[in-house]
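Undergrad: the following comprises the amino acid sequence and a computationally predicted model.
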Amino acid sequence: MGKILVIAEQRDGKLKKSTFELLGLATQSAPAQSANETYAVLLGDGVSGLTKELEQYGATSIYLIQDASLKFYSAESYTLGVLEAIKQASPDIVLASHSPTGRDFMPKIAASLGVGLASDCTQAQISGVNLKVRRPVYAGKATVEVEFLGQGPRLATIRPNAIGAPKPISAQTAKVIPISIQFTGLNTKVIEIVKGNSARPDVAEAPVVVSGGRSLKSAENFKIIEELADVLGAAVGASRAAVDAGYRAHRDQVGQTGKVVSPVLYIACGISGAIQHLAGMRTSKCIVAINTDPEAPIFQVADYGVIGDLFAVVPLLKEELKKIKEH
Amino acid sequence: MNIYVCIKQVPDTETKIKLKPDFTWIDTSGIKWVMSPFDEYAVEEALRVKEKNAGSTVIVVSAGPTRVIECIRTALAMGADSGIHIEIPETADNNMTAKALANAMAKKETASVDLVFTGKEAIDDGSAQVSQLLAGFLGLPYVSVVLNVEYGAQSVKCKREIEGGAYEIVETALPAIIATQKGINEPRYATLPNIMKAKKKEIKTYKTSDLGISEGDQKIKFKNFELPPPKQAGKKVSGDPAAQAKELARLLHEEAKVI
């Protein structure tokens, strides 16, 4: 039986789906044997209402750290809080999401504990106190298993959407353990959060991504990509060529020097499929490519290929998908 | 002001990755090595700070086999003043690398640390750990994935990219470690005269034993390398655009069941 600590992540008072994925990983392993002890730590300001959901997804003990200074995430305050939870739980395994938050503070936790961290894992298995993980390298051109050396808890960040979300499990009850910490003398402070002006989901988190390449020819023409994305509730992505041409901001770039994504559905419009772009999206569950060039490398990874002009096909596809959605 | 930049040499993004026959590492033969793209932004940012602060020095540090000296020369040709090469095996993990970088900066004979830049991650292992680990070893604050910096006398204000197209404005005391994201600046090209000048700039070399690094500093190890399974050829959807759109929508709905 292993002790697992899941670091819950919330923003604006809502738990991230990736937190449930981590709880699923912690609770579902080795179902035949006695269950793991699953701890969660939740940090924020006025977030005690979220413990119920953590309980429903399998947390048996929940450390609750609330403070006005935790209204915004900051690496220093989260590090202090998580280290205290680790001290109290003395877990064998600590899991966080490889999100902009988790990837920021987890290496600091590793440094503080003097242990190793396997980051951005896309496969994970827990048996007893052992954590077996694989992760991509070279943006997914290869994968490796990570071996932990030495003593101490095993730390990992897990890529969102990679391991699947569980259903809420039982009517069990969790013990909520408040921890109070003095957050003083910090060097770093988040002064404000500037919201994005888009209602669209983030390309790294969205279950559906519609991407455009340089064939779009202008920033304005991305409108047809956006319209298709909106029908699907999808994020808009872009190739490096489209970003370098100024059609799209870098935060939308998919590929080795942008975001590596793994959505359920990836629709590549007018993207030829440079090796560094393929590296960033080839693990998507279903890939659609729309391109005029039948020789384009993108067709080698596409489940469905449409050889045709995106300016003709994409608006029609939008209408067809709208009909299906409305049924 | 002493500005350090930590850089890593990585395979070019167009590299087709091959594995060693025993799957313990990649086959590095024939690889074109380049500076990790995010580190180019770090070098550029350091040079811009130097240009605004007379008397500043930019020191480039890189850990790896002898080949990484080339990468240090590239940064020197962009305008950095001197380099430090740490001889370390390419299989060293983030922890060992970060500790070696930190210990090199903390050595008595090297300049004291006023500001450190790194790329937000290296595009080979993509771990995005070194800037934070470095912060841990040097006891300094850090800000990662930074798109803009406003420099003050004792502190900096950083625009940090988070999810959903949003940003955090993070203020941190100096000295600090800043990990740069694409978009922060446009890295300069090295001019021929600067490439010539770079050949004469000093590069110090340290062995891990000079820096108090031992085997125990390696905390994780990569093993059992695998290439992704080749994908089965997909279905081609034919017909005029209207027929293609209709059939594709049907396939996504009924066959792939993703809509």
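TA: Thanks, I have the structure now.
Undergrad: got the residues of the stretch 1-150 of chain B near chain A?
TA: B:11, B:13-17, B:19, B:26, B:37-38, B:93-95, B:98, B:123-133, B:135-137, B:141-145 (C-beta under 8 Å from any C-beta of the partner chain). Quick note: C-beta positions are derived from backbone N, CA and C, even for glycine.
Undergrad: how about 7 Å then?
TA: Counting by C-beta under 7 Å from any C-beta of the partner chain, the stretch 1-150 of chain B comes close to chain A at B:11, B:13-14, B:16-17, B:19, B:26, B:37, B:93, B:95, B:123-129, B:132-133, B:135-137, B:141-145.
Undergrad: from the residues you listed, list the buried ones, please.
TA: By neighbour count, with 16 or more other C-beta atoms under 10 Å in any protein chain shown, the residues of the stretch 1-150 of chain B next to chain A hold B:11, B:13, B:17, B:26, B:37, B:93, B:95, B:123-129, B:132-133, B:135-137, B:141-145 as buried.
Undergrad: C-alpha coordinates for stretch A:36-45, CSV please?
TA: The C-alpha coordinates for stretch A:36-45 follow below in CSV (Å, rounded to 0.1, in the frame of the first residue of the first chain):
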residue,chain,number,x,y,z
ASN,A,36,-3.7,3.2,-1.7
GLU,A,37,-4.0,6.0,0.8
THR,A,38,-4.8,9.1,-1.3
TYR,A,39,-4.0,12.5,0.2
ALA,A,40,-4.8,15.7,-1.6
VAL,A,41,-3.6,19.2,-0.8
LEU,A,42,-5.7,22.1,-1.8
LEU,A,43,-4.4,25.7,-1.7
GLY,A,44,-6.3,28.9,-2.2
ASP,A,45,-8.5,31.6,-0.6
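Undergrad: quick one on the thing from earlier: which members of the buried ones among the residues of the stretch 1-150 of chain B next to chain A occur in strands, if any?
TA: Of those, the ones assigned to strands by DSSP state E are B:11, B:142-145.
Undergrad: closest one to B:Glu51 out of those, please.
TA: The nearest member of those to B:Glu51, counting by C-beta to C-beta, is B:Val143 at 21.5 Å.
Undergrad: B:Tyr167 versus that closest one, what's the distance?
TA: Relative to B:Tyr167, B:Val143 is positioned 12 Å away (C-beta to C-beta, to the nearest Å).
Undergrad: show me where the stretch 1-150 of chain B has its strands.
TA: Applying DSSP state E, counting those that start in this stretch to the stretch 1-150 of chain B gives strands spanning B:2-6, B:9-11, B:33-35, B:57-64, B:82-87, B:115-119, B:142-151.
Undergrad: any idea of the mean pLDDT for the fifth one?
TA: Within the predicted structure, the mean pLDDT of strand B:82-87 is 98.
Undergrad: what does the longest one give?
TA: Taken as a whole, strand B:142-151 has a mean pLDDT of 98.
Undergrad: given it, what are its sheet partners and their directions?
TA: Strand pairing for strand B:142-151, determined by DSSP bridges: strand B:155-161 (antiparallel), strand B:177-180 (parallel).
Undergrad: please identify the deepest-packed of the ones you listed.
TA: With neighbours taken as mean count of other C-beta atoms under 10 Å in any protein chain shown, those reach their highest mean count in strand B:177-180, at a mean of 28.
Undergrad: can you pull the buried residues of whichever helix or strand comes after that strand?
TA: As assigned by DSSP states H and E, the chain's next helix or strand after strand B:177-180 is helix B:192-198. By 16+ other C-beta under 10 Å, the buried positions in helix B:192-198 come out as B:Ala198.
Undergrad: ok, then the element right after helix B:192-198?
TA: Using DSSP H and E, the helix or strand that follows helix B:192-198 in sequence is strand B:203-207.
Undergrad: before we move on, back to that, could the strands paired with strand B:142-151 go into JSON lines alongside distance to A:Lys325 and mean pLDDT?
TA: Listed next are the strands paired with strand B:142-151 as JSON lines, based on distance: least, C-beta to C-beta, whole Å; pLDDT from 0 to 100:
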{"stretch": "strand B:155-161", "distance to A:Lys325": "31", "mean pLDDT": "97"}
{"stretch": "strand B:177-180", "distance to A:Lys325": "40", "mean pLDDT": "98"}
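Undergrad: looking at these, which is nearest to A:Asp252?
TA: Between A:Asp252 and those, the shortest gap by C-beta to C-beta is with strand B:155-161, which sits at 11.6 Å.
Undergrad: now the angle from that closest one to strand B:115-119?
TA: 10 degrees (axes from the mean of the first three to the mean of the last three C-alpha atoms, to 10 degrees).
Undergrad: what about the helices in the stretch 101-250 of chain A?
TA: Taking DSSP state H, counting those that start in this stretch as the criterion, the stretch 101-250 of chain A contains helices spanning A:102-113, A:222-232, A:240-244.
Undergrad: could you export stretch A:150-170 as PDB, CA atoms only?
TA: The C-alpha trace of stretch A:150-170 is given here as PDB (Å, rounded to 0.1, in the frame of the first residue of the first chain):
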ATOM      1  CA  GLY A 150      18.200   7.300  -4.400                       C
ATOM      2  CA  GLN A 151      15.800   7.600  -1.500                       C
ATOM      3  CA  GLY A 152      12.800   9.900  -0.800                       C
ATOM      4  CA  PRO A 153       9.400  10.500  -2.300                       C
ATOM      5  CA  ARG A 154       8.900  10.000  -6.100                       C
ATOM      6  CA  LEU A 155       7.800  13.200  -7.700                       C
ATOM      7  CA  ALA A 156       6.000  13.500 -11.100                       C
ATOM      8  CA  THR A 157       4.100  16.000 -13.100                       C
ATOM      9  CA  ILE A 158       1.500  14.400 -15.500                       C
ATOM     10  CA  ARG A 159       0.500  16.000 -18.800                       C
ATOM     11  CA  PRO A 160      -3.200  17.100 -18.800                       C
ATOM     12  CA  ASN A 161      -5.500  14.900 -21.000                       C
ATOM     13  CA  ALA A 162      -2.800  12.100 -21.200                       C
ATOM     14  CA  ILE A 163      -4.100   9.500 -18.800                       C
ATOM     15  CA  GLY A 164      -7.900   9.900 -18.900                       C
ATOM     16  CA  ALA A 165     -10.300  11.200 -16.300                       C
ATOM     17  CA  PRO A 166     -12.100   8.800 -14.000                       C
ATOM     18  CA  LYS A 167     -15.800   9.000 -12.900                       C
ATOM     19  CA  PRO A 168     -16.500  10.200  -9.400                       C
ATOM     20  CA  ILE A 169     -16.400   7.100  -7.200                       C
ATOM     21  CA  SER A 170     -18.000   6.500  -3.900                       C
END
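Undergrad: is chain B within reach of it?
TA: Yes - with C-beta under 7 Å from any C-beta as the criterion, chain B is reached by stretch A:150-170 at A:Gly150.
Undergrad: next one: that stretch to chain centre, how far?
TA: In terms of C-alpha atoms, centre = their mean, to the nearest Å, the centre of stretch A:150-170 is set 11 Å apart from its chain centre.
Undergrad: buried residues, it. List them.
TA: A:153-163, A:165-166.
Undergrad: now the residue nearest to the spatial centre of chain A. Nearest residue, chain neighbours left out?
TA: Nearest residue to the geometric centre of chain A (C-alpha atoms, centre = their mean): A:Pro160, 2.5 Å. Distances taken as C-beta to C-beta, 6 or more residues apart in numbering or on different chains place A:Ser18 nearest to A:Pro160, at 4.2 Å, with adjacent residues excluded.
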